[in-house]
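>>> Output the structure for:
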Amino acid sequence: MASHIVGYPRMGPKRELKFALESFWDGKSSTEDLEKVATDLRSSIWKQMSEAGIKYIPSNTFSYYDQVLDTTAMLGAVLERYSWTGGEIGLSTYFSMARGNASVPAMEMTKWFDTNYHFIVPELGPSTKFTYASHKAVSEYKEAKAHSVSHKFQALLASSNTFYCITLGGNGELGAPPSLTIRSGVSAPPSTGLDSPPSATDPGENGVGLFLRNAKNTLVFRVDVLEAELISMKKNQA
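Model (predicted):
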């Protein structure tokens, strides 16, 4: 019987990630030190799942702070106050969004539905311009595959419907504004001129699609589980 899980505790058995983050935030350790702890934890987690007999092992379940924030970073939906100028979103911008800094406050935080887990609330609106700004999902998938070539791995993304529902629409209320559409699907509207994203399928098969559209641009993300490619499709004209 095939087995699959969709997540795993990431802090470490001795809360290694917690202590590494606190050391990094206090300026007592480097980015390289933090990344080394993260790499070792991911490797240990995949090893435990492999030894437990899990057939389809998830990747992209690790996060330095919050998987919702990771998705926001992947989409390049960075608020102007963080002075991000494009390119790959680094830890400085990422943690400024999560925790704020000396000049700007953090993004809003709220509870994940009725749990005690908190997440950073995305804030999107008609002026949001999506761009592929974090390669984390693909990088960690490739890292997982390099760790064990004998197991099947599945890169996981937050559901686009969930992302839509937990978004601040610019008016202080949850739920993206009507001018923004986020959905999963097997095809994009013909008027956008986009290639069709793949449909969501069973673990181990190709594809998870994330389609986003607003007044500024349309962007389709594709995670191909077999080839580990995340492709930014053509944008329609603003």
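
>>> pLDDT averaged over the longest helix anywhere in the chain, what's the number?
For the chain, the helix with the greatest residue count under DSSP state H is helix 31-51. The average pLDDT for helix 31-51 rounds to 94.

>>> So which elements touch the helix or strand following it?
Stepping forward along the backbone from helix 31-51, the first helix or strand reached (DSSP states H and E) is strand 56-59. Helices and strands in packing contact with strand 56-59 are listed as helix 31-51, helix 136-147, strand 152-155; criterion 3 or more Cβ pairs under 8 Å, 6 or more residues apart in numbering; DSSP states H and E. Yep, even glycine has a C-beta here, placed from its N, CA and C like the rest.

>>> Can you name the next helix or strand after strand 56-59?
helix 67-74.

>>> In three-state terms, label R10 for me.
For R10, the assignment made with DSSP: H, G, I helix; E, B strand; the rest coil gives coil.

>>> count of residues packed around it?
Burial of R10 is recorded as 16 neighbouring residues (other Cβ atoms under 10 Å).

>>> That one and T162: what is the separation?
Here the criterion is Cβ to Cβ, to the nearest Å. By it, R10 lies 19 Å from T162.

>>> before we move on, what about S127?
Distance, S127 to T162, by Cβ to Cβ: 23 Å.

>>> Need the phi and psi values for the closest residue to Y117 other than its chain neighbours.
Nearest in space to Y117, with sequence neighbours left out and distances taken as Cβ to Cβ, 6 or more residues apart in numbering, is K111 at 7.0 Å. Recorded main-chain torsions at K111 are phi -70, psi 140, according to degrees, to the nearest 10.

>>> K111 and L79: what is the separation?
Taken as Cβ to Cβ, the span from K111 to L79 is 21 Å.

>>> Could you do I120 as well?
Distance of I120 to L79, computed by Cβ to Cβ: 11 Å.

>>> Need the overlap of contacts for those two.
97, 107 (Cβ atoms under 8 Å, 6 or more residues apart in numbering).

>>> okay, the two: which has more neighbours?
Applying other Cβ under 10 Å to I120 and L79 shows that I120 carries more neighbours, namely 24 against 17.

>>> I'd guessed that one sits against K111; true?
No. If you go by Cβ atoms under 8 Å, I120 and K111 don't touch, sitting 11.9 Å apart.

>>> Contacts for the longest helix of the chain, please.
Defining contact as Cβ under 8 Å, 6+ apart, one finds that helix 31-51 is touched by 5, 8, 10, 12, 16-17, 20-21, 23-24, 57, 59, 61-62, 64, 91, 140, 143-144, 147-148, 151.

>>> what about this structure, any weak spots by pLDDT?
Residue ranges of the chain with pLDDT under 70: 125-126, 149-150, 159-161, 169-238.

>>> and if we set it to 90?
In the predicted model, the chain carries pLDDT under 90 at residues 1-10, 49-61, 67, 71, 74-77, 80, 86, 111-118, 123-238.
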